[in-house]
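Quick one: sequence plus predicted model below, questions after.
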Amino acid sequence: MHQPAALGADAVRTLLSLEGTPVRRVAEGSEHATWFIGDDRVLRLAADEDVTLRQRREVALRDALRGRLPVPVPESLASGEWAPGLAYTLDHRLPGRSAEERQVSGAGELDLAGLLAALRSYGRTEPGDPAGAAAAGGGSGAGTGPVALPREPVRDPAGLREEALRAAERSADPALDPGLVLRRLAVPPPPAAPDTAVLLHNDLKGEHLLIGDDGEITGVLDWTDAALGDPAEDIAGLAISIGAPAAVRAAALASYGPEVCLRGLWLARCDTLVRLAERLHGSDDDSPLPLLRTQRRRAWQLTPLDL
């Protein structure tokens, strides 16, 4: 499908009927073009029809979650189409800075623990639960209110381990001991419990976590990849974004046991090796190399579970 040209500043003002309002492009990614509108709003333009569907689902999910999470999520002020079949949403801009720029404090870890606990209680499905199965499979169900979410398949540790070991060999890093990689990945993590899923943000990158002056969480952005799945996936995201020790502490405070935490660390560590190798030797020419190396360092930090 031919994609329309990205909008310029004047076209953005015309789209929103905001003549004279300051607008500033933030990013032009593969999924969204993002603009700051004045000081208190953010505009996201979906790049294709798939992103449009996920963006519309995101707006509904945020509305369903608002007030049920201990951390803020953006509120959509307006939405529509910026081109035929391509959606936009104008959101209230939340305060704070990216977790890539500001460190999470102990208070922030408590916020994240509350987030993980709330997602588990809101989106959990149990074996034989028809309402949860309907929500996971695309119907309306009690587990996620009226928002139909996809199910994220549980990843295979054995296959991921082999891919990560190949990646580590291709991208030798003096900051990461090859022996350490072998030791940490020698024993597969405990498997995910069968037929059990929770609501996942599913993309807890540092740029999606907003941090206040005191290190608390002031917002969680971009819910377009939300799904039902293994809670270890969100723990892995936190390990990559705020470091393995902080992620384990937050997960433990959310009453996740060592098995789920170990699986999250395993996923994060394998993912960071694979993504770094793809950036150095593969098709990924977009991700900043310093960021990928920082994420790898965070995920491989020592935790009490490694002892």
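That came through, no problem. Residues are numbered from 1 along each chain as shown.

what's the closest non-adjacent residue to the most centrally placed residue in the chain?
When C-alpha atoms, centre = their mean is applied to the chain, the residue found nearest the centroid is Asp203 (1.3 Å). Nearest non-adjacent residue to Asp203, counting by C-beta to C-beta, 6 or more residues apart in numbering: Asp225, 4.3 Å away. The C-beta positions use only the backbone N, C-alpha and C, and glycine is treated the same way.

Is it correct that that neighbour is in contact with Leu204?
No - taking C-beta atoms under 8 Å as the definition, Asp225 is not a contact partner of Leu204, at 9.8 Å.

Mind checking which of the two has more residues around it?
Taking other C-beta atoms under 10 Å, Asp225 and Leu204 do not tie; Leu204 has more neighbours (27 against 17).

what's the helix or strand for the more buried one?
Counting by DSSP states H and E, no helix or strand carries Leu204.

neighbours of the nearest residue to it once chain neighbours are set aside, just the number please.
In this structure, Leu204 finds its nearest non-sequential neighbour in Gly237, 3.1 Å apart by C-beta to C-beta, 6+ apart. Look at Gly237: counted by other C-beta under 10 Å, it has 24 neighbours.

And for Ile217?
25.

try Val12
Counted with other C-beta under 10 Å, Val12 comes out at 22.

Let me see the contact set for it.
Leu18, Val23, Trp35, Ile37, Leu43 (C-beta atoms under 8 Å, 6 or more residues apart in numbering).

Mind doing that once more with 10 Å?
6, 18, 21, 23-25, 33, 35, 37, 43, 45, 82, 88 (C-beta atoms under 10 Å, 6 or more residues apart in numbering).

biggest separation within those, which pair?
Farthest-apart pair in the contacts of Val12 is Ala6 and Thr21; separation 18.7 Å (C-beta to C-beta).

roughly how far apart are Leu200 and Thr21?
For Leu200, the distance to Thr21 (C-beta to C-beta, to the nearest Å) stands at 36 Å.

neighbour count winner among the two?
Just comparing Leu200 and Thr21: by other C-beta under 10 Å the higher neighbour count belongs to Leu200, 26 against 13.

who touches the more buried one in this structure?
Contacts of Leu200 by C-beta under 10 Å, 6+ apart are 116, 119-120, 123, 149, 151-152, 223, 225-234, 237.

Give the next helix or strand downstream of the helix or strand of the chain with the lowest mean pLDDT.
Taking mean pLDDT, DSSP states H and E as the measure, the helix or strand of the chain with the lowest value is helix 130-137, at a mean of 39. Sequence order places helix 157-170 as the next helix or strand after helix 130-137, per DSSP H and E.

If you count contacts, what does that next one end up packed against?
helix 178-184, helix 258-281 (3 or more C-beta pairs under 10 Å, 6 or more residues apart in numbering; DSSP states H and E).

tell me which strands and helices the first one is in contact with?
Counting contacts by 3+ C-beta pairs under 10 Å, 6+ apart, helix 178-184 packs against helix 157-170, helix 258-281.

Pick out the shakiest of the ones you listed, pLDDT-wise.
With a mean of 91, helix 157-170 has the lowest mean pLDDT of the helices and strands packed on helix 178-184.

Just the buried residues of it, please?
Pro157, Leu160, Arg161, Glu163, Ala164, Leu165, Ala167, Ala168 (16 or more other C-beta atoms under 10 Å).

what does stretch 242-252 give?
Those buried within stretch 242-252 under the rule 16+ other C-beta under 10 Å are Ile242, Gly243, Ala244, Pro245, Ala246, Ala247, Val248, Arg249, Ala250, Ala251, Ala252.
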